[in-house]
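Chemist: Just a sequence and a predicted model for now, questions to come.
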Amino acid sequence: MSEPSVPIRSTGFRRLITAACGLAIAIAVYYILSVGRHFFVPLIISFLAVYLVDILSRLVGRVRIAGHKIPKLLTVILSFVLIFGVGSALTSIVANNAFHVAAAAPKYQARLQQLQTEVFSHFGLDEPPEMLGVFRSLDLKGLFTDLARSVADVLESTVLVFIYSLFILIELRALPAKLAALFPNRSRRQHVLQMMQRIDRDIHTYLGVKTAVSLTTAILAYILMRIVGLDFAEFWALLIFILHFIPTIGVIVATVLPTLLAAVQFDHIGPCLAVGIGITAIAMFMGNIVEPNIMGETLNLSPLTVIIALILWGTVWGIVGAFLCVPLTVVLVIVLSNFRATRWVSVLLSKTGKIHLGDPPANLGGTMISDSAEEM
């Protein structure tokens with residue numbers, strides 16, 4: 001009767017060892033990513049830049065001149081130059097405007113503290129309670145100066161991102177040959193290729209839809225702020241475009257900051273309500289109606305997973321990690337779903353609990369990895 005207990009204990013011990021090894025690997029990866037952020041962050045941004053170049057080159061490729069399509073190489077070069085040119089210009093504009101806002105911040109902060117005093121005196125309080133006196137310790141000048149410096153640091157790494165992206169584009173041409181060499185077994189190679197195609201498809205969808213939705217939101221918000229007469233409307237519009245890539249928290253910050261400025265810039269409540277309610281309505285419409293209808297269930301990430309990913313990647317890589325949290329989590333979920341031992345993790349992280357295995361969806365045409373598959 002004692003013989004069956006041996007394999008049971010052995011199996012439990014193996015599971016304990018596996019869990020301990022998994023925890024140790026997770027801690028080691030966290031440490032490596034934190035220490036090597038100056039290497040990994042430009043590299044990850046380069047991959048996303050290549051995706052944007054690919055998306056734009058396909059749009060440019062649909063244009064016909066005298067009935068002829070633009071050559072693929074020319075569309076890639078044009079898109080590459082356009083993405084990095086526009087990206088560098090926008091980053092420079094945000095940095096410069098952030099310094100201008102920081103210079104004007106003392107005036108706005110004084111008005112903000114005066115407004116706070118007036119509100120609490122209306123309720124018979126000579127001084128706001130400690131928990132509610134948030135504006136007393138708020139340093140607007142320091143906040144926007146730090147923002148400008150952070151954006152300037154990103155601008156300085158543009159050259160490195162440019163070089164990485166250029167070599168990634170060159171490496172894509174050798175991808176079929178490398179996959180064939182790494183996986184001589186055809187069925188195994190197809191399985192790996194299908195996993196890469198799903199990652200490719202989901203990141204393409206996320207970046208394409210998110211960029212279009214964020215840009216539309218920023219344009220509509222800019223029109224509203226210009227009508228109201230808000231100071232630095234161009235800066236706030238660019239900030240709204242950038243912050244909308246950060247799930248939940250970015251949208252809140254992108255709404256609160258221009259609303260606060262409207263509160264201190266104008267002497268009456270009307271413009272503040274117009275900016276606050278208007279930007280909130282635009283963000284809710286684009287984020288809760290337009291974006292889900294276009295993107296559908298492609299990403300299959302639960303809201304809790306997105307929030308946890310935002311906190312984790314933000315802890316590792318700061319504000320850049322917050323921008324990258326969704327694409328990185330999508331890659332992680334798809335990779336984990338392809339291994340039996342870790343499939344349960346991908347199920348917990350998913351939105352519906354259904355993990356799509358086997359053949360990739362039929363709409364994969366028009367992505368970088370699917371193009372490489374055609375070459376094979």
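Modeler: On my side now, so go ahead.

Chemist: wait, Leu328 sits on Ala309?
Modeler: Yes. Here Leu328 reaches Ala309: they are 7.3 Å apart, a contact under CB atoms under 8 Å. No exception for glycine: its C-beta is placed from N, CA and C like everyone else's.

Chemist: More neighbours: which of those two?
Modeler: More crowded of Leu328 and Ala309, by other CB atoms under 10 Å: Ala309, with 23 against 20.

Chemist: which other helices and strands contact the helix or strand containing Ala309?
Modeler: In the assignment (DSSP states H and E), Ala309 maps to helix 303-337. Counting contacts by 3 or more CB pairs under 8 Å, 6 or more residues apart in numbering; DSSP states H and E, helix 303-337 is packed against helix 5-35, helix 37-61, helix 186-228, helix 249-265, helix 343-349.

Chemist: now the residue nearest to Ile45 when sequence neighbours are not counted: how far from Leu43?
Modeler: Leaving aside its chain neighbours, Ile45 sits nearest to Val161 (5.3 Å; criterion: CB to CB, 6 or more residues apart in numbering). For Val161, the distance to Leu43 (CB to CB, to the nearest Å) stands at 8 Å.

Chemist: Next one: Ala237 relative to Leu230, how far apart?
Modeler: Taking CB to CB, one finds Ala237 at 10 Å from Leu230.

Chemist: gap between the nearest residue to Ala233 once chain neighbours are set aside and Ile246?
Modeler: Nearest residue to Ala233, sequence neighbours excluded (CB to CB, 6+ apart): Met225, at 4.0 Å. Counting by CB to CB, the separation of Met225 from Ile246 is 20 Å.

Chemist: likewise Gly22?
Modeler: Distance from Gly22 to Ile246, by CB to CB: 29 Å.

Chemist: from memory Asn300 sits against Gly353, does it?
Modeler: No. Using CB under 8 Å, Asn300 makes no contact with Gly353, being 9.3 Å away.

Chemist: neighbour-wise, which of the two wins?
Modeler: Higher neighbour count among Asn300 and Gly353: Asn300, with 21 against 11, using other CB under 10 Å.

Chemist: so how far is Val326 from Thr352?
Modeler: Thr352 is 17 Å from Val326, by CB to CB.

Chemist: For the two, work out which one has more neighbours and name it.
Modeler: The neighbour count for Thr352 versus Val326, taken as other CB under 10 Å, is higher for Val326 (24 against 10).

Chemist: longest single helix anywhere in this protein?
Modeler: helix 72-122 (DSSP state H).

Chemist: now that helix and helix 249-265, what's the angle there?
Modeler: Per axes from the mean of the first three to the mean of the last three CA atoms, to 10 degrees, the angle that helix 72-122 makes with helix 249-265 is 50 degrees.
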